[in-house]
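Below is the sequence, then the predicted model.
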Amino acid sequence: MVDLAQRGPLGLKTGKSPKKPKDPKPIRRAAQGQRCTLRLPGCNETPVNVFLCHMRRFGWAGMGQKPHDLLGVFACQHCHDVMDGRIRGKCSDTDLLRAHGETMMALLSSGAIVIVGS
Ligand SMILES: [Zn+2]
């Protein structure tokens, strides 16, 4: 009998380690080397500096949680800071919609996301 952490009675290890997922963060990894899709004024776009930045909206995640990786955009550190309100700047929903569309199309082209049945 094992618990959810695959430990036996009294927390003893059973000798088997739980299977690791193939790639737990494929969308975040796909952001490496991409172009910034937000391109806000002051954008510091260098592909080394681009990460997956999660858009936060009510109901998309709980306190202290990130929304699903599909709800993110490829953005440089500057645009990410503006988007999250850490530095002054304007980031409209129109900017986010454009960036999200470009991010989804880049993910689809790279094979990081696949539409089943297509
Ligand atoms: Zn940027």
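Here it is on my side, so go on. Numbering: from 1, shown residues only.

and the nearest residue to Pro26 once chain neighbours are set aside, how many neighbours does it have?
The shortest distance from Pro26 to any non-neighbouring residue, by Cβ to Cβ, 6 or more residues apart in numbering, is to Ala112 (5.2 Å). Any C-beta I mention is one placed from the backbone N, CA and C, and that applies to glycine too. The tally of other residues near Ala112 (other Cβ atoms under 10 Å) stands at 16.

if I pick Ala112, what's in contact with it?
Ala112 is in contact with 26-27, 29-30, counting by Cβ atoms under 8 Å, 6 or more residues apart in numbering.

10 Å instead?
Neighbouring residues of Ala112 by Cβ atoms under 10 Å, 6 or more residues apart in numbering: 23, 26-31, 69, 106.

Return the member of those residues nearest to the ion.
Taking Cβ to the ion as the measure, the ion sits nearest to Ala31 out of those, at 12.2 Å.
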